[in-house]
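In: sequence? don't have it. structure:
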């Protein structure tokens, strides 16, 4: 990032190639897998990175900086759309619903993958964010807490809830 | 968007090592990528931003260099200007526009006159009467200006008196004005003010002896200056040189040229030596004489008040002998350069100190 700020465009290409896919998926998960919206937010995030290159101070990891931008842009997007983030399932519910696999036949790998994607989207918003950040960015819990402007304990709790829900449902379908 | 799990975490551990199977299943389904068009759009934006940054950096990196160069140039010009202004301007022939103009007029007229020196002189004078009256005035004004500048530097306290003296000097008597403005300046501050000219070296010495009290530590009397200057440039002892220099000072004072100007003029003897024959012949400060070897001419600085301000090209007996103690010697078969004459190789006209009066 510092090289890019100094005028090296190839540094940006390297940076982009390294982070584009996980970031895109993170955004895609946040916008309910809506590709057009994901593209828009994704482009806004990278534009912010480009515009902020001269102000960038390496006080934290670049991934923390990048995903914080992504988190904020996603929130901005929802505000612009006047969309209230409503959890797809009741937060108090410990179980997730999904397209159940036909009990007659054994669940195939593809079915489990599809079920997994569906279950992730059904997670409460905060839990989904923590889970996706953990899976896509391989962030430490402290970094996730910083990105979401939350406490470490709350972040850990959200992740554990998400994992437990997913595990329970996937085990129920013999996917684990 | 509050989450009840925030307050009551079911499990405080954050290690997902036991969730590898879950992560693996998630990773197998996470294959989405941004489109190529999106990639290109973002990369293009980055390239443009980088290009702008580089251009701006280059523009601003060259800017201080250009400013530095300009500043150095301006400062150099300023320093040279200041040095040039503070330096006492030598009374050079080239720095006297009026004199040069007159010389040029004389030169031009000489080209048209295939006549001997006497006729040449008469015609030159007839063709340039304005220059004749203007040149001595310009030279005197120049001397006055030089002396004023020098005195202002040496005696800041005497500025007002100096100004008064210059203002009081009548325009019709430039030489007297030069005296009043120059060395007589110290007379105004002396116990016995006097505007009369010192008639002899002895009077000059007496006046200078009385001056230090008013002048402070500045030993700027004419005789001393001449002695000091002579001592710096020539090896002969001061005792040997003093009588001659005192006489020169007296002559100079009598002719209306301040001693301090003599000091400046004498430094330009070399200019006379380098001067071409025609220019020397028309010069008011240099005198053209025949070489002692008998062939050719030499140009030297006017050695006394008679030669000073006497232009051999146009000087007449009247103008020479109007000066005290001066005698006119007409040209003897002298022919100025560029003019064909029947007789040539002799001495040009001269105005020299009358030996009888010395």
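Out: Looks like it arrived, so ask away. All figures in this text were calculated on a predicted structure; none of them were measured in a lab.
In: Low-confidence stretches in the chain?
Out: Reading this off chain A. A:82-107 (pLDDT under 70).
In: Not quite, go with chain B.
Out: In chain B, residues with pLDDT under 70: B:1-18, B:53-63, B:88-268, B:356-358.
In: what sits against residue B:306?
Out: With contacts defined as CB atoms under 8 Å, 6 or more residues apart in numbering or on different chains, the neighbours of residue B:306 are B:255, B:320, B:323, B:325, B:326, B:327, B:351, B:352, B:353. Every residue, glycine included, has its C-beta placed from N, CA and C.
In: what do you get for residue A:30?
Out: A:41, A:74, A:128, A:129, A:132.
In: any idea how far residue A:74 is from the first one?
Out: Applying CB to CB, to the nearest Å, one obtains 6 Å for the distance of residue A:41 from residue A:74.
In: any shared contact partners between those two?
Out: A:27, A:30, A:31.
In: Run a quick neighbour tally on the closest residue to chain B within chain A.
Out: Residue of chain A nearest chain B, by CB to the nearest CB: residue A:157 (3.2 Å). Using other CB atoms under 10 Å in any protein chain shown, the number of residues around residue A:157 comes to 26.
In: Report the buried residues of the helix or strand that it is a member of.
Out: Using DSSP states H and E, residue A:157 sits within helix A:152-172. Applying a neighbour-count criterion of 16 or more other CB atoms under 10 Å in any protein chain shown, one finds A:154-163, A:165-167, A:169-170 buried in helix A:152-172.
In: if you go through chain A in chain order, where are the helices?
Out: A:2-5, A:9-30, A:35-51, A:62-80, A:109-122, A:125-137, A:141-147, A:152-172 (DSSP state H).
In: Out of those helices, which is closest to residue B:67?
Out: helix A:2-5 (25.7 Å; CB to CB).
In: The host helix or strand of residue B:71 packs against which elements?
Out: Using DSSP H and E, residue B:71 falls within helix B:36-86. Under the contact definition 3 or more CB pairs under 8 Å, 6 or more residues apart in numbering or on different chains; DSSP states H and E, helix B:36-86 sits against helix A:9-30, helix A:35-51.
In: swap the cut-off to 10 Å and go again
Out: helix A:2-5, helix A:9-30, helix A:35-51, helix B:129-154 (3 or more CB pairs under 10 Å, 6 or more residues apart in numbering or on different chains; DSSP states H and E).
In: got the angle between the helix holding residue A:157 and helix A:109-122?
Out: 140 degrees (axes from the mean of the first three to the mean of the last three CA atoms, to 10 degrees).
In: Helix A:152-172 to helix A:125-137, inter-axis angle?
Out: Using the same axes, to 10 degrees: helix A:152-172 against helix A:125-137 is 80 degrees.
In: so who does residue 50 touch?
Out: You didn't say which chain, so I picked chain A. A:4, A:12, A:16, B:42, B:43, B:45, B:46, B:47, B:48, B:49, B:50 (CB atoms under 10 Å, 6 or more residues apart in numbering or on different chains).
In: Let me rephrase: I mean chain B.
Out: Counted by CB under 10 Å, 6+ apart, residue B:50 has contacts A:4, A:5, A:6, A:7, A:8, A:9, A:10, A:11, A:12, A:50, A:53.
In: one more time with 6 Å, if that's ok
Out: Neighbouring residues of residue B:50 by CB atoms under 6 Å, 6 or more residues apart in numbering or on different chains: A:7, A:9.
In: follow-up on the earlier one: which helices and strands does the helix holding residue A:157 pack with?
Out: Here helix A:152-172 touches helix A:125-137, helix A:141-147, going by 3 or more CB pairs under 6 Å, 6 or more residues apart in numbering or on different chains; DSSP states H and E.
In: Turn those into JSON lines, including distance to chain B and mean neighbour count.
Out: Below are these laid out as JSON lines (distance: least, CB to the nearest CB, whole Å; neighbours: other CB atoms under 10 Å in any protein chain shown):
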{"stretch": "helix A:125-137", "distance to chain B": "5", "mean neighbour count": "24"}
{"stretch": "helix A:141-147", "distance to chain B": "4", "mean neighbour count": "20"}
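In: tell me the contacts of residue A:29?
Out: residue A:132.
In: Spell out which parts of chain A neighbour chain B.
Out: Neighbours of chain B within chain A, by CB under 6 Å from any CB of the partner chain: A:7, A:9, A:12, A:20-21, A:24-25, A:28, A:39, A:42, A:46, A:50, A:113, A:116-117, A:126, A:135, A:141, A:154, A:156-158, A:160-161, A:163, A:176.
In: How far does stretch B:278-289 stretch from one end to the other?
Out: 12 Å (CA to CA, to the nearest Å).
In: I'd like to check what contacts it. Which residues are they?
Out: Contacting residues not belonging to stretch B:278-289 are listed as B:99, B:103, B:106, B:272, B:275, B:297-302, B:307, B:309, B:311-313, B:336-337, B:348 [CB under 6 Å, 6+ apart].
In: Narrow the residues you listed to those in strands?
Out: B:297, B:298, B:299, B:300, B:301 (DSSP state E).
In: with those in mind, which one is nearest to residue A:150?
Out: Distances from residue A:150 to these, taken by CB to CB, are shortest for residue B:301, at 99.5 Å.
In: so who does that closest one touch?
Out: If you count contacts by CB under 6 Å, 6+ apart, then residue B:301 has B:269, B:272, B:286 around it.
In: beta partners for it?
Out: residue B:286 (DSSP bridges).
In: Let me know the distance separating it from chain A.
Out: 70 Å (CB to the nearest CB, to the nearest Å).
In: re the thing from before, and of the contacts of residue A:30, the nearest to residue A:145?
Out: Distances from residue A:145 to those, taken by CB to CB, are shortest for residue A:129, at 11.2 Å.
In: number of nearby residues for residue A:73?
Out: Around residue A:73 there are 21 residues (other CB under 10 Å).
In: So it sits against residue A:45, correct?
Out: Yes: with contact defined as CB atoms under 6 Å, residue A:73 reaches residue A:45; the gap is 5.1 Å.
In: A helix includes residue B:327, no?
Out: No: under the criterion used here (DSSP: H, G, I helix; E, B strand; the rest coil), residue B:327 is strand, not part of a helix.
In: That'll do, ta.
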